[in-house]
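S.K.: Generate a structure from the sequence data that follows.
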Amino acid sequence: MESISRSDHTINVDNLINSMNDEEYRKAEEFYIFLTNITKCNNGVLTIERKKLIDIAAAYMECSPIEAHNILMKMKAYGWIKTLDKDYIIVNLERKV
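M.R.: Got it, this is the predicted structure:
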């Protein structure tokens, strides 16, 4: 974890980069509910190519694929997604919305 110290303030760079604004959080929360609904029967596992997942996320969140990818990475950093691999995703089903 990288930190930057300036004067009397320390900024945690990872937290700053991984933080979501209100709009991203809303989109992430809606997509998380969608993911939990389609992965409940498989213990949170969904076999899907990453590109297809990003395309689905972008369409669902009504944003660009780059923004969808960034939101997925932030969801992983928040612990909503346990694993995001090139061929599958594992969703944390224990998080309560």
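S.K.: C-terminal to the helix or strand hosting Asp55, what's the next element?
M.R.: For Asp55, the element it lies in under DSSP states H and E is helix 50-61. Scanning forward in sequence from helix 50-61 by DSSP H and E, the next helix or strand is helix 65-78.
S.K.: hang on, the earlier thing: and the helix holding Asp55, what other elements does it pack with?
M.R.: When contacts are defined as 3 or more CB pairs under 8 Å, 6 or more residues apart in numbering; DSSP states H and E, helix 50-61 packs onto helix 22-39, helix 65-78. Backbone N, C-alpha and C define where each C-beta goes, glycine included.
S.K.: now it, how far from the centre of its chain.
M.R.: Centroid displacement of helix 50-61 relative to its chain, using CA atoms, centre = their mean, to the nearest Å, is 12 Å.
S.K.: Helix 22-39 and that one, what's the angle between them?
M.R.: 120 degrees (axes from the mean of the first three to the mean of the last three CA atoms, to 10 degrees).
S.K.: in helix 50-61, what counts as buried?
M.R.: Within helix 50-61, the residues that count as buried by 16 or more other CB atoms under 10 Å are 53-54, 57-58, 61.
S.K.: Report the central residue of this structure.
M.R.: With distances taken as CA atoms, centre = their mean, the residue of the chain nearest its centroid is Met75 (2.2 Å).
S.K.: Tell me the spacing between that residue and Glu62.
M.R.: Distance, Met75 to Glu62, using CB to CB, to the nearest Å: 16 Å.
S.K.: With pLDDT and distance to Asn43 added, can I get the buried residues of helix 50-61 in a markdown table?
M.R.: Output for these, formatted as a markdown table (pLDDT from 0 to 100; distance: CB to CB, whole Å):
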| residue | pLDDT | distance to Asn43 |
| --- | --- | --- |
| Leu53 | 97 | 18 |
| Ile54 | 97 | 23 |
| Ala57 | 97 | 21 |
| Ala58 | 97 | 26 |
| Met61 | 96 | 24 |
